[in-house]
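J.: Here you go, sequence then predicted model.
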Amino acid sequence: MHRRPRRRLRTAAVLLALAAALAAAVPATAGVQAPAQAAPAAFTHPGVLDSRAQLDFVRGRVQAGAQPWKAAYDQMHASRYASLTRTPKARAVVECGSYSNPNYGCTDEREDAIAAYTLALEWSVTRDSRYAAKAIEIMDAWSATLTDHTNSNAPLQSAWSASTWPRAAEIIRYTYGGWPADRIDRFGRMLRTVYLPEVVNGSQSNGNWELSMTEATIGIGVFLDDRTVYDKAVATFRGRVPAYIYLTTDGPLPRTAPGSGLDTRDEIVAYWQGQTTFVDGLTQETCRDLTHTGYGLAAIAHVAETSRIQGQDLYPEIADRLRHALGLHAKYELGTAVPSSLCKGSLAQHLGPVTETGFNALHNRLGHGMDNTQKLTEQRRPAGTDNLFTAWETLTHASNPA
């Protein structure tokens with residue numbers, strides 16, 4: 001008899017905390033009052049990174065032999081991820097240390113998730129039910145087995161895997177009729193009970209962590225039709241993106257994310273890898289290396305793309321930041337000399353296959369001029385996979401008008 005009042009009190013406390021988090025994370029934008037909540041009244045399915053209309057466009061282009069989609073499909077089809085003989089390597093506990101050392105199931109989990117997504121795309125393009133059945137086999141194996149992630153990289157490992165699983169699951173659930181309801185429910189429970197606790201509250205580590213965690217959270221929210229989870233992801237996104245990509249309009253120093261604890265110039269400079277000169281499009285990890293920077297930029301585009309599919313388009317809010325970031329890093333990837341004022345004149349590593357989705361949204365849909373990003377994107381087509389959470393985006397998003 002006394003449990004119900006306590007449960008109501010706990011629920012009220014959670015809702016109040018969430019409302020406060022949502023309000024705190026909405027950035028101030030001159031002349032624009034951004035809504036505190038962004039979840040649609042009813043979710044669109046499939047609706048994580050790829051919509052039904054986008055998938056239909058891809059299928060039509062591939063069937064017509066049109067480029068670059070046919071070459072991108074052929075690349076995906078030839079990859080190990082499209083194999084119909086793949087055996088899932090599910091395990092109960094995935095243990096991942098820093099840089100996946102130790103690696104007990106880390107690579108297996110990420111690659112099985114990418115395989116499930118690849119097979120879902122194969123099904124979407126070919127309508128060969130063998131691909132859908134194999135995707136289901138992989139998702140069912142993990143949902144029947146996985147219970148936990150451990151060690152220091154558990155949040156990031158969870159984020160990468162849970163960014164990919166919902167893409168695959170959404171395509172199969174809503175375009176193929178052969179996934180049993182009880183298995184769908186079990187998969188949803190895995191997302192809610194194993195992955196969501198690792199990602200929903202974000203991170204104050206390097207920004208790519210929280211951005212990938214936000215991508216996972218928004219995808220889980222869509223799959224579960226959970227507006228509260230979706231809203232939490234959007235709130236975190238609105239707080240993190242302005243703290244990850246600098247614009248000169250921010251002032252002499254970059255913004256900080258809610259709860260960062262970065263209170264002084266020295267702390268902010270240290271967090272930005274020692275960089276003291278800030279230019280449009282610089283990210284918090286540019287002077288660390290371009291690979292990790294790319295993870296952050298990819299996750300930003302993925303979250304915005306999912307929000308657009310759901311009718312609450314976040315691209316306009318972050319367009320200037322993302323287009324400047326893509327353009328700045330593309331310029332140096334194309335060979336422009338790095339000035340001494342930027343990362344002491346040297347940039348480490350390279351961007352992965354991370355520009356296609358953001359470029360399509362910002363240039364083709366919104367009309368922003370992005371010459372360097374366009375040149376780099378077209379030069380590197382077809383974009384493959386980073387074997388972590390980004391995969392086949394020339395196929396899915398190149399010049400996709402849907």
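T.: Thanks, I have it. Residues are numbered from 1 along each chain as shown.

J.: show me where the protein has strands.
T.: With strands called from DSSP state E, the chain shows them at 47-48, 50-51, 93-96, 103-104, 148-150.

J.: most neighbours per residue, which of the ones you listed?
T.: Neighbour counts (mean count of other C-beta atoms under 10 Å) averaged over each of the strands of the chain peak at strand 47-48, with a mean of 26. In short, each C-beta sits where N, CA and C put it, glycine included.

J.: so what strands line up beside that strand?
T.: When sheet partners are counted by DSSP bridges, strand 47-48 sits next to strand 50-51 (antiparallel).

J.: could you list every residue that touches the spatially most central residue of the chain?
T.: Centroid-nearest residue in the chain, with C-alpha atoms, centre = their mean: Ala299, separated by 3.4 Å. Applying C-beta atoms under 8 Å, 6 or more residues apart in numbering to Ala299 gives the contacts 163, 208, 211-212, 214-215, 389.

J.: Kindly report the same for Gln157.
T.: Neighbours of Gln157 in contact, by C-beta under 8 Å, 6+ apart: 94, 96, 100, 106, 109-110, 149.

J.: Could I get the contacting residues of the closest residue to it other than its chain neighbours?
T.: Nearest residue to Gln157 in three dimensions, chain neighbours excluded: Cys96, at 4.3 Å (C-beta to C-beta, 6 or more residues apart in numbering). Residues near Cys96 by C-beta under 8 Å, 6+ apart: 102-106, 149-154, 156-157.

J.: which one of those residues is nearest Leu366?
T.: Nearest to Leu366 out of the contacts of Cys96 is Leu156 (C-beta to C-beta; 30.3 Å).

J.: Quick check: mean pLDDT of stretch 71-90?
T.: Averaging pLDDT along stretch 71-90 gives 98.

J.: quick revisit: and of the contacts of Gln157, the nearest to Pro401?
T.: Closest to Pro401, out of all of the contacts of Gln157 and judged by C-beta to C-beta, is Arg110, at 30.8 Å.

J.: Any idea how many residues pack against the closest one?
T.: 22 (other C-beta atoms under 10 Å).

J.: Was I right to think it contacts Asn387?
T.: Yes. Using C-beta atoms under 8 Å, Arg110 makes contact with Asn387 at a distance of 6.8 Å.

J.: so where is the chain shaky, pLDDT-wise?
T.: Applying pLDDT under 70 to the chain flags the ranges 1-38.

J.: where do the helices sit along the stretch 101-250 of the chain?
T.: 106-126, 129-143, 154-175, 181-190, 196-199, 207-223, 227-244 (DSSP state H, counting those that start in this stretch).

J.: related to what we said a few turns ago, could you measure from the residue nearest to Gln157 over to Asn153?
T.: 4 Å (C-beta to C-beta, to the nearest Å).

J.: go on, Thr118?
T.: Going from Thr118 to Asn153 by C-beta to C-beta gives 24 Å.

J.: Pick out whichever of those two has more residues nearby.
T.: Using other C-beta under 10 Å, the more surrounded residue of Thr118 and Asn153 is Thr118, with 29 against 23.

J.: Which residues does stretch 109-120 contact?
T.: Contacts for stretch 109-120 (C-beta under 8 Å, 6+ apart): 76, 79-83, 86, 88-91, 94, 131-132, 134-135, 138-139, 141-142, 146, 157, 160-161, 164-165, 167-169, 171-172, 385, 387-389, 391-392.

J.: What's the ChimeraX syntax to select whichever of those are buried?
T.: Buried subset of the contacts of stretch 109-120, written as a ChimeraX selection, criterion 16 or more other C-beta atoms under 10 Å:
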select :76,79,81,82,86,88,90,91,94,131,132,134,135,138,139,141,142,146,157,160,161,164,165,167,168,169,171,172,385,388,389,391,392
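
J.: Specify the beta-bridge partners of Thr283.
T.: With DSSP bridges as the rule, Thr283 is bridged to Ile245.

J.: how many other residues sit next to it?
T.: Neighbours of Thr283 using other C-beta under 10 Å come to 29.

J.: Next: Arg265.
T.: Other residues close to Arg265 by other C-beta under 10 Å number 11.

J.: Spatially nearest residue to it, not counting backbone neighbours?
T.: Leu253 is the one closest to Arg265 (C-beta to C-beta, 6+ apart), at 6.2 Å.

J.: Compute the distance between the one you found and Gln312, please.
T.: 30 Å.

J.: same thing with Leu322?
T.: 17 Å.

J.: Which of the two has more residues huddled nearby?
T.: Leu322 (26 against 16).

J.: Against Val241, how distant is the more buried one?
T.: Between Leu322 and Val241 the distance is 8 Å, computed by C-beta to C-beta.

J.: For the two, list the residues in contact with both.
T.: Ile300.

J.: could I get stretch 311-330 in CSV with only the CA atoms?
T.: In CSV, the C-alpha atoms belonging to stretch 311-330 read as follows (Å, rounded to 0.1, in the frame of the first residue of the first chain):
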residue,chain,number,x,y,z
GLY,A,311,10.5,16.0,-37.6
GLN,A,312,12.6,18.0,-35.0
ASP,A,313,15.5,19.1,-37.2
LEU,A,314,18.6,20.1,-35.2
TYR,A,315,20.7,20.9,-38.3
PRO,A,316,19.8,24.6,-38.3
GLU,A,317,20.9,25.0,-34.7
ILE,A,318,24.4,23.5,-35.4
ALA,A,319,24.8,24.2,-39.1
ASP,A,320,27.4,27.0,-38.8
ARG,A,321,29.5,25.0,-36.3
LEU,A,322,29.4,21.7,-38.3
ARG,A,323,30.0,23.3,-41.7
HIS,A,324,33.0,25.3,-40.4
ALA,A,325,34.4,22.2,-38.7
LEU,A,326,34.0,20.0,-41.7
GLY,A,327,35.5,22.7,-43.9
LEU,A,328,38.5,23.5,-41.7
HIS,A,329,39.6,19.9,-41.3
ALA,A,330,38.9,19.1,-45.0
